[in-house]
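Undergrad: Here's my sequence, what's the structure:
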Amino acid sequence: MSQRAFTVGVIGLGYGRAHIPGFQASGCRVVGVCQRDEAAARAIAQRYQVPGVFTRWEDLLAQTRPDVVVIATPPHLHHPIAVRAFAQGAHVLCEKPLAMSRAEGQAMVDAAKDAGRVAMTGFNWRFTPAMQRFHAMVRDGAVGRAFHVGGRWLGGRWADEKLAPTWRMDRTQAGHGAMGDQGVHLIDMIRWNFGEFRRVVAHVGIGPSRTIPGGGRAADAEDYATVLGELESGAEVTLTVSRVARGVNEHTVEAYGSAGALTFRSERASPRWWGGQLHAASGSAALAPLPVETGDVSGDPMEIIGRVTIAPLVTTLLDAIERGSPVSPSLEDGLRAQAVLDAVGASVTRGGWVEVAG
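TA: I've put the predicted structure just below:
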């Protein structure tokens, strides 16, 4: 636990709510929350005993001046909030995707360096127990040279066309659809384990017929995507992402290489889903399950995500602030993932393979 109680402001309370128990578990004081819906913000503040409630992020920053700012808004707001937070001396944990473009993300990285502040990207799904063991086994050579790497992130949250649209359907606010919301986690986990992407080719589609919030034009952020990629190592990557896949809510990462194979799966309908499942094979043996220590965690799904996957991010952040320890996932990790998203978008627009910017 941190040696002192850092103050925290959380901007955006959709996924941002999961950050509150993650920070409180480390002894931090969440001093303000911000959301346009004031009644919903007040209900969350009361639930977690947060004193400050704001409907404008500018007011939260100015009036609470927190040590740490969590940015969990639609992506088009990430850059202006981060730049303002760094300028007034705050450290930042920013949700993914980092920004609307690689150029915007680079400006955020530069602002953090200029201010001398610690900055992280919210790639929390690195921290399920099964993925942590997956990473350790890759590092220790269980896969060897990776030939084939695959990732899937499938869910049916937006399959029903009668659901009201949200900012996630509007590219001017979201930047990307399913790829920015779900697929970017796969990009990060693959980068973290197997290295950088060299090039990608992509196909995307939009499912239910909707307009953007408020009407006026059709929704334009993708609901599903298929991406073929090549890593700098030469390994082939396949990604399948959907938010309109009924009957499933899971994500997977698989790797097959010269020494063996590893598969990771997180299925929300399974018992102790927060731990994940891991299978491994070496030589010519078949894949077999490996034990995963999950522990007992209580709360609703958002609170469990906060305690299991966001709390380790918080620990890393606080260690970096107090002792100068390196951070991972860093803001630069978010920038590298953003470069892959930009290449995916360029492939969709003009077709064919697109090199990922260095």
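
Undergrad: list the buried ones in stretch 46-62?
TA: For stretch 46-62, burial by neighbour count (16 or more other CB atoms under 10 Å) applies to 50, 52-54, 57, 60-61. C-betas here are computed from N, CA, C, even on glycine.

Undergrad: Kindly report the same for stretch 186-200.
TA: Using 16+ other CB under 10 Å as the test for burial, stretch 186-200 gives 186-194, 197-200.

Undergrad: Send me it as CSV with only the CA atoms.
TA: The C-alpha atoms that make up stretch 186-200 are tabulated as CSV, following Å, rounded to 0.1, in the frame of the first residue of the first chain:
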residue,chain,number,x,y,z
LEU,A,186,-5.9,-7.6,-28.0
ILE,A,187,-3.4,-5.4,-29.8
ASP,A,188,-1.8,-4.5,-26.4
MET,A,189,-1.6,-8.1,-25.1
ILE,A,190,0.0,-9.3,-28.4
ARG,A,191,2.5,-6.4,-28.4
TRP,A,192,3.3,-7.1,-24.7
ASN,A,193,4.0,-10.7,-25.3
PHE,A,194,5.3,-11.0,-28.9
GLY,A,195,6.5,-7.6,-30.0
GLU,A,196,5.6,-4.8,-32.4
PHE,A,197,3.2,-5.0,-35.4
ARG,A,198,4.8,-4.4,-38.8
ARG,A,199,1.7,-4.1,-41.0
VAL,A,200,-2.0,-4.9,-41.1
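
Undergrad: pLDDT on that stretch, on average?
TA: On average, the pLDDT along stretch 186-200 is 98.

Undergrad: Could you do stretch 57-72 as well?
TA: Mean per-residue pLDDT for stretch 57-72: 98.

Undergrad: Residues touching it, excluding its own?
TA: Stretch 57-72 is touched from outside by 6-16, 19, 23, 28, 31-34, 52, 54, 73, 77-78, 81-82, 84-85, 88-95, 122, 317, 321, with contacts defined as CB atoms under 8 Å, 6 or more residues apart in numbering.

Undergrad: Among those, which lie within strands?
TA: Using DSSP state E, the members of these that fall in strands are 7-11, 31-34, 52, 54, 91-94.

Undergrad: Right, I'll leave it there.
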